[in-house]
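K.L.:
how would this look folded up:
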Amino acid sequence: MKIEQEKTLEGLKVAIQMETDGKEYYRRASQESSDELGKKLLASLADEEDVHRQKFEEIYNAIRNNKGWPVTDFQPDNGKKLKTLFAMAVEKIATRVKASEVELDAIQKAVDMEIQTYDFYQKLGKNATYDAERDFYQLLAAEEREHHLILLDYYEYFKDPTSWFGAREHVSLDGG
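P.N.:
From the prediction side, this is the model:
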């Protein structure tokens, strides 16, 4: 049992560091963004990463104190807050926006980070010792997947706003 506890604690330490690094990256990217939507979206992601880190620290401390995996009250919103923020901003901005290469690179790095985090939580969930642990990691993986999809949408929006709107509105010319 001690070996399982050590393995679980090690995974939690890595998760805490990943969430800390993610928060710092999103906070810095938010401050450097030249776009108001980018600032808000990235700041919201930083806040969510911080919530994850805090939850991991609670779990880590409970396990370290030999209390086992605690029951968690973690209920992700499946990206609803970020989707709403994105939708409201897009409504105001329309197709006149074009991000710089630096901004697009920052978004691409964020997309890659979310994929890595998703994969890591999937792995931890598959190797979980406790049912509550597996369920927790599956919830987190799903939320990281939502972050990934939102960031991809954001990337596509900034890369080519006209095409992005066309795809969302299903605009086509029928020649008639």
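
K.L.:
buried residues in the longest helix along the chain?
P.N.:
The single longest helix within the chain, with elements called by DSSP state H, is helix 2-32. Buried residues in helix 2-32, defined by neighbour count with 16 or more other Cβ atoms under 10 Å: 8, 11-12, 15-16, 18-20, 22-23, 25-27, 29-30. C-betas here are computed from N, CA, C, even on glycine.

K.L.:
Among the residues you listed, which one sits closest to Ile150?
P.N.:
Tyr26 (12.3 Å; Cβ to Cβ).

K.L.:
Not counting sequence-adjacent ones, nearest residue to the closest one?
P.N.:
Ala46 (3.7 Å; Cβ to Cβ, 6 or more residues apart in numbering).

K.L.:
hang on, isn't Ala62 packed against Phe56?
P.N.:
No. Look at Ala62 against Phe56 with Cβ atoms under 8 Å: they stay out of range, at 10.8 Å.

K.L.:
Looking only at neighbour counts, state which of these two leads.
P.N.:
Set Ala62 next to Phe56 and count neighbours by other Cβ atoms under 10 Å: Phe56 wins out with 24 against 15.

K.L.:
Quick check: the gap between that one and Phe120.
P.N.:
Distance of Phe56 to Phe120, given as Cβ to Cβ, to the nearest Å: 12 Å.
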